[in-house]
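Novice: need coordinates for the below:
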Amino acid sequence: MGKIPKLYETEDIPFEEKIIYRRYWIRELGFYWLIAELDEESNIAFRYANLNNDDFAEWSYIDLNELLSIGAELDESWRPCKFKDAVKRIRGEEIIV
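Specialist: Predicted coordinates:
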């Protein structure tokens, strides 16, 4: 599934169908950020954020340097998939953990 698209490259793709290329998380808190687009020069990403509350989860932009500064880690085992499948995968992990 290759390189992460640049910002705005996937804006015509419905959220459910966007490919999620990376996950950052703070596992102990149940927080995660799913990355769909990235400006590698500025390190700004378009992402879905869930801070352990589905009701307040949202799509928006974030500076990945700031994300790392609050203790989020890159999930090295993450494999790209559609957003709708990513959410299912994460919910499955919650049952196991």
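Novice: from here on, just use CA atoms for contacts and neighbour counts.
Specialist: Fine.
Novice: look up phi and psi at Ile35.
Specialist: Dihedral pair for Ile35: phi -100, psi 120, per degrees, to the nearest 10.
Novice: do I have it right that it meets Lys18?
Specialist: No - the pair Ile35 / Lys18 is not scored as a contact, 9.6 Å apart, by C-alpha atoms under 8 Å.
Novice: more neighbours, those two?
Specialist: Ile35 (26 against 18; other C-alpha atoms under 10 Å).
Novice: helices and strands around the lowest-mean-pLDDT helix or strand in the chain, which ones?
Specialist: Scoring the helices and strands of the chain by mean pLDDT, DSSP states H and E places helix 83-96 at the bottom, with a mean of 85. The helices and strands touching helix 83-96, judged by 3 or more C-alpha pairs under 8 Å, 6 or more residues apart in numbering; DSSP states H and E, are strand 19-20.
Novice: list the contacts of the helix or strand just after the strand it packs on.
Specialist: Using DSSP states H and E, the helix or strand that follows strand 19-20 towards the C-terminus is strand 22-26. Around strand 22-26, the neighbours that count as contacts under C-alpha atoms under 8 Å, 6 or more residues apart in numbering are 31-36, 71-75, 78-80.
Novice: pull the most distant pair out of the residues you listed.
Specialist: Pairwise distances across the contacts of strand 22-26 peak at 22.3 Å for Gly71 and Pro80 (criterion: C-alpha to C-alpha).
Novice: what about those two, which has more around it?
Specialist: A direct count of neighbours by other C-alpha under 10 Å for Gly71 and Pro80 places Pro80 higher, at 18 against 11.
Novice: ok now do the closest residue to the more buried one other than its chain neighbours, which residues does it touch?
Specialist: Nearest non-adjacent residue to Pro80, counting by C-alpha to C-alpha, 6 or more residues apart in numbering: Tyr21, 4.5 Å away. Neighbour list for Tyr21: 4, 34-36, 78-81 [criterion: C-alpha under 8 Å, 6+ apart].
Novice: no more questions from me, cheers.
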